[in-house]
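K.L.:
give me coordinates for this.
(chains A and B)
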Amino acid sequence: MTVPVADRPASRPFAVRRFFARHTIGLIGLTILLCAVSAALFAPWIAPHPPSAVNLMARLAPPAWVEGGSMTHLLGTDNLGRDILSRVIYGAQVSLSVGAGAVVLGAIIGSSVGLLAGYFGGWVDAVLSFLINVQLSFPFTLLAIFLLASFGGGFVSVVVVVALATWVNYARVVRGQVMSVTNQDYVEAARTVGVPTLRILRHYILPNILSPIIVVASFSMAQAILTEAALSFLGVGVGGTQPSWGMMLNDGRNYLQNAWWMTAMPGIATALTVLAGNLCGDWLQDRTDPRLRK
Amino acid sequence: MTAVPVIHAKGLTVEFGVRRSVLTGRKAGAVQAVSNVDLTVDRGETLAVVGESGCGKSTLGRALLRSVPIAQGRLEFMGKDITELEGDALRAARHQFQMVFQDPYASLNPKMKIFETLAEPLRVHTTDSAATIRERVMDMMAAAGLAPDFASRYPHEFSGGQRQRVAIARAVILRPDFVVADEPLSALDVSLQLQILTLFRQLKSQFSLTYLFISHDLARVFGFADRIAVMYLGKIVEIGTAREIYAAPAHPYTRALIAAAPSPDPARGTERDALTLRGELPSPANPPKGCRFHTRCPLAMPVCSEVEPQMVGLGGRHAAACHLVTPG
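P.N.:
Down below sits the predicted model:
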């Protein structure tokens, strides 16, 4: 009996290689993100030094591979002699939790607003679009400082404020997407069948606008992490003794000339995390669209 | 027929783009897509609505299903006035009247498996158990000529003809009393058109359905429809049994439509030349005065641009709205 070539079960190494080839982007993104998340979760066990341990004898030590560096401080130390690797690892806690919290909160608020505005139109849309425009025309930094100054800093406040900065991204994209999806025959078909409005929104509209929401979420995560950094820079961040990447960038600002690693290390960490978010977003976008799924 | 008709519409009017001015309260820019239409659909019949694109035939079909707002007139379904039905009551009533859409590529939710799409009407309108729903969906798929393993697939995996079968199955699974099919063949190629038409016929006899079949192709519906209504610019200009319309079309527009259909008989060539339609459909926002067809009618008389002709009975169920027609 002869078996056509195409029908033969793929050999194991081949199947593995094909899996990696198909999901390269997602795997890279997931790996980086997983590194960042495990750094945040297991910081006390991974970090070689306590993040706030000051060692004035070893101030501004360069990374290990630069002349004058040592293996004690792999990524060098800052102006107070604190270990930069440890601070970057601990910094992931603040950046990722603020990023994740703000993305979830912003997506919920923004998508709901966009969904209602896009589906119902009319005066609902007019009111919500007005809200969106008010938010867009408001100088956000001013609003953030005002809110954080009057309600106090802390993790929850920062998450709420950063979510307030990003919800419009979702609202605008979702509103437009909902408008085009609502005009599709399958939504009219659902109405003709007699599907209740809430069920139409959940089963017909939402699944078909998930990909753009995911894309916006990945961009918004980048924006959230950067916004958190900016707020830390302005002294209204999560605060406390917790190092954050934004705060470290700010600390390194004055030493850029002679200790570039103070800025570069948290900068690279931020950039990689943002990149990982975008790669995952891209990959998820392909995966959530059955037309693109193989 | 003495039974209560499935659909009885009186003076049905649908308007689009109506904006009430904030200052004057006056209506502006109203387009009457369907204008003062009387229509009765009897139980068990297939009524075809035929006309050019833009004549309001799709809008009429949607209005009968309460999918577009009715501006004026009265609509009865199975003897019950549903003109004013709103909200949950309207939603609940929808299991009795369903629709098949023109484009099978657009009318199925791309994120829902075929099974989910077909189960949706049952989940919304019945309290059937999951097992019963599964059974009913599988039965319906078999009746619609769909293989059982299609259930777990997504719409994008299917051809247009298969998708249209799914869309028809969705419309019929609740055993509705009335199905509006909005040009269900025009997105398909000719060989598939016949298959789908056959499916419509089979389902009709199997579930004793009543169809309103919208088409732009008069020739296509002759062998299929019991009665035919010809629409022009938001109005029904002629209605009658398929036999009456085919044997003795009374309205010049109907005659032009029949003449426009391709015919294997070269002898009909001369007649066709005489009745060819000239020009475009006038804008429904600004319909011609008098008879709406007079701008394109080869037989127009002075009275046609002044007085709007009324429906005149021609014996049997045949009626037409034209000044040339005399009651028979």
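K.L.:
how much space is there between residue B:300 and residue B:40?
P.N.:
30 Å (C-beta to C-beta, to the nearest Å). C-beta: built from backbone N, CA, C; applies to glycine.
K.L.:
tell me where the chain is predicted with low confidence.
P.N.:
All of this refers to chain A. Of all residues in chain A, those with pLDDT under 70 make up the ranges A:1-11, A:288-294.
K.L.:
wrong one, chain B
P.N.:
B:1-2, B:18-29, B:262-276, B:328.
K.L.:
the longest helix in it is where?
P.N.:
Longest helix in chain B by number of residues (criterion: DSSP state H): helix B:190-207.
K.L.:
so what are the sheet partners of the helix or strand immediately after that helix in the chain and their directions?
P.N.:
Counting by DSSP states H and E, the next helix or strand C-terminal to helix B:190-207 is strand B:211-215. Its sheet considered, strand B:211-215 pairs with strand B:46-50 (parallel), strand B:178-182 (parallel) by DSSP bridges.
K.L.:
tell me the angle the last one makes with helix B:190-207.
P.N.:
Pointing back at strand B:178-182 there. 170 degrees (axes from the mean of the first three to the mean of the last three C-alpha atoms, to 10 degrees).
K.L.:
tell me the contacts of residue A:199?
P.N.:
residue B:124 (C-beta atoms under 8 Å, 6 or more residues apart in numbering or on different chains).
K.L.:
quick one on the thing from earlier: I'd like the strands paired with strand B:211-215 as a markdown table, with distance to residue A:67 and mean neighbour count appended.
P.N.:
Below are those laid out as a markdown table (distance: least, C-beta to C-beta, whole Å; neighbours: other C-beta atoms under 10 Å in any protein chain shown):
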| stretch | distance to residue A:67 | mean neighbour count |
| --- | --- | --- |
| strand B:46-50 | 87 | 25 |
| strand B:178-182 | 78 | 25 |
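K.L.:
quick check: residue B:301 vs residue B:290, distance?
P.N.:
With C-beta to C-beta as the criterion, residue B:301 and residue B:290 are 10 Å apart.
K.L.:
do a quick rundown of the helices in the stretch 201-328 of chain B.
P.N.:
Along the stretch 201-328 of chain B, counting by DSSP state H, counting those that start in this stretch, helices occupy B:218-221, B:242-247, B:252-260, B:269-275.
K.L.:
could you do the stretch 101-250 of chain A as well?
P.N.:
Going by DSSP H, counting those that start in this stretch, the stretch 101-250 of chain A shows helices at A:122-137, A:140-151, A:155-182, A:185-193, A:197-200, A:210-233, A:245-252.
K.L.:
what's residue B:129 sitting at in phi/psi?
P.N.:
When read as degrees, to the nearest 10, the backbone of residue B:129 gives phi -70, psi 160.
K.L.:
pretty sure residue B:206 contacts residue B:143?
P.N.:
Yes: judged on C-beta atoms under 8 Å, residue B:206 makes contact with residue B:143 at a distance of 6.4 Å.
K.L.:
which one of these two has more residues nearby?
P.N.:
residue B:143 (18 against 11; other C-beta atoms under 10 Å in any protein chain shown).
K.L.:
give the contact list for that one.
P.N.:
B:169, B:172, B:202, B:203, B:206.
K.L.:
distance check, the last one against chain A.
P.N.:
Relative to chain A, residue B:206 is positioned 20 Å away (criterion: C-beta to the nearest C-beta, to the nearest Å).
K.L.:
cool, the second one as well?
P.N.:
Between residue B:172 and chain A the distance, using C-beta to the nearest C-beta, works out to 12 Å.
K.L.:
residue B:200 now?
P.N.:
From residue B:200 over to chain A the distance is 17 Å, taken as C-beta to the nearest C-beta.
K.L.:
quick one: that residue and residue B:181 touch, right?
P.N.:
Yes: in this structure, residue B:200 is within contact of residue B:181 by C-beta under 8 Å, at 7.0 Å.
K.L.:
joint contacts of the two?
P.N.:
With C-beta under 8 Å, 6+ apart as the test, residue B:200 and residue B:181 both reach B:168, B:211, B:213.
K.L.:
just the buried ones from those?
P.N.:
Buried residues within those, counting neighbours by 16 or more other C-beta atoms under 10 Å in any protein chain shown: B:168, B:211, B:213.
K.L.:
quick one: list the elements packing against the strand or helix carrying the first one.
P.N.:
Secondary-structure assignment from DSSP H and E places residue B:168 in helix B:160-172. With contacts taken as 3 or more C-beta pairs under 8 Å, 6 or more residues apart in numbering or on different chains; DSSP states H and E, helix B:160-172 sits against helix A:185-193, strand B:97-100, helix B:114-125, helix B:130-143, strand B:178-182, helix B:190-207.
K.L.:
residue A:158 touches residue A:228, doesn't it?
P.N.:
Yes: using C-beta under 8 Å, residue A:158 is in contact with residue A:228, at 6.4 Å.
K.L.:
need the overlap of contacts for these two.
P.N.:
Common neighbours of residue A:158 and residue A:228 (C-beta under 8 Å, 6+ apart) are A:98, A:237, A:238.
K.L.:
looking at these, which is nearest chain B?
P.N.:
residue A:98 (31.8 Å; C-beta to the nearest C-beta).
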